[in-house]
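Visitor: dropping the sequence and predicted coords here.
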Amino acid sequence: MTANNEQIGGDHYKIRGYQPWDFFLDANLGSGLVASAIEYTARWRQKNGIEDLKKARHFCKKLSENESRINVDINQEALDNFAIQFYKEDAQIIKLVYEGYYLCAMCDIDELIKKTEELAPAVNHAMVETGIDEQYKHVVMQMIGAGYALTETPA
């Protein structure tokens, strides 16, 4: 199945015959697809969780299907300055996308989704047992993603 035949989070693009990302490619704006994949990867822990990772993967799939049409001028200093702000796994995906290794990025995203889905029940249980409010769930997920474990009730 091609990237155009699926959509994560609705059908607002899929209902059109000519999708925005096809226009971006036709108008030589393919770097916008790279930016979108990076944006979803950068925000997933703070915004929409696994759905954002799936969207990032979806953009990577579209990029891999159109690799010859993508032209990104690599600015290594900018990439390093940006990526250093993120957890190791997220930074790796951002670097892979920016450098054009879309299939590798998809594999890393799949692993991160799997890891997160496996941890979700434990996180939910720990939150109930320790009385952590739902509004702090993203903080707990960040801590677990960074390799920390919840060991006591926060003060």
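Guide: Yes, it's here. Residues are numbered from 1 along each chain as shown.
Visitor: use CA for all of it now, contacts and neighbours both
Guide: Noted.
Visitor: mind listing what's buried in the longest helix anywhere in the chain?
Guide: Across the chain, the helix with the greatest residue count (assigned by DSSP state H) is helix 102-130. Within helix 102-130, the residues scored as buried using 16 or more other CA atoms under 10 Å are 102-103, 105-106, 108-109, 112-113, 116, 123, 126-127.
Visitor: what residues are up against the residue nearest the centre of the chain?
Guide: Note on the chain: the residue nearest the mean C-alpha position is T41, at 2.8 Å, using CA atoms, centre = their mean. With contacts defined as CA atoms under 8 Å, 6 or more residues apart in numbering, T41 is in contact with 52-53, 56, 90, 93-94.
Visitor: which of these ranks first by neighbour count?
Guide: A56 (29 neighbours; other CA atoms under 10 Å).
Visitor: what's the burial count for Q85?
Guide: Counted with other CA under 10 Å, the neighbours of Q85 add up to 11.
Visitor: sticking with the residue nearest to it when sequence neighbours are not counted, tell me its helix or strand.
Guide: Counting by CA to CA, 6 or more residues apart in numbering, Q85 lies nearest to A91, which is 7.9 Å off, once chain neighbours are set aside. A91 belongs to helix 88-98 when elements are defined using DSSP states H and E.
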